[in-house]
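>>> Need a 3D model of the sequence below.
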Amino acid sequence: KNKLEKIKDERKKQAVERIDKALDALNDKMVRHYDAVLDQIEKVLDRVDARIAKAEERGLDVSAVKTAEEAAKRAITSAREAVRTQAGKTYTAAVNTEGTLKRDVGGARQALHADLKKVEAAVKAAREAVRKVAAVLAQISRIDEPSSPSSTPPTTSQ
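Now for the predicted structure:
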């Protein structure tokens, strides 16, 4: 606000204040969005985890799936940390002079954009890690087959 006092044009002052509020609102909106996406990714991982437990009960080898699951959990934790860090950031335009106003405000907008891209990349990495867990689990056959000690082939009568 003190730096805005240098600007004589009232419309420009109001525009900078409006853009400043819009940047913070956009940051908040995107942080909430990424948090919700991570919640969904965790729900998918929970369902995959239930299938892993089912495969273990049947005595199937799930060591590769467990390794992939640990990597997915680390990716989710890393993405959550990136979202928390982003939530704590604020973006303000470092107003110098009226002539450099557009560049100053643009710099704050570009910084927000770059930071949100980093968070998005972390969320995508978590999603991809969970997808890999599901793909490795899908390669294990006979998870859902009923367990019967002696299965006799069905006879057909003519």
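
>>> Helix or strand: which one has the spatially most central residue of the chain?
With distances taken as C-alpha atoms, centre = their mean, V123 lies nearest the centre of the chain, 2.5 Å away. V123 is located in helix 101-138, with elements delineated by DSSP states H and E.

>>> Check which helices and strands the lowest-mean-pLDDT helix or strand in the chain is in contact with.
For the chain, counting by mean pLDDT, DSSP states H and E, helix 10-57 ranks last in confidence among helices and strands (a mean of 92). When contacts are defined as 3 or more C-beta pairs under 8 Å, 6 or more residues apart in numbering; DSSP states H and E, helix 10-57 sits against helix 63-87, helix 101-138. Using the backbone N, CA and C atoms, a C-beta is placed for each residue, glycine as well.

>>> picking up where we left off before, so for the helix holding V123, what gets flagged as buried?
101, 104-105, 108, 112, 115-116, 119-120, 122-123, 125-127, 129-130, 132-134, 136-137 (16 or more other C-beta atoms under 10 Å).

>>> chain center to it, what's the gap?
Its chain's average C-alpha position is 7 Å from that of helix 101-138, according to C-alpha atoms, centre = their mean, to the nearest Å.

>>> quick one: it to helix 63-87, angle?
160 degrees (axes from the mean of the first three to the mean of the last three C-alpha atoms, to 10 degrees).
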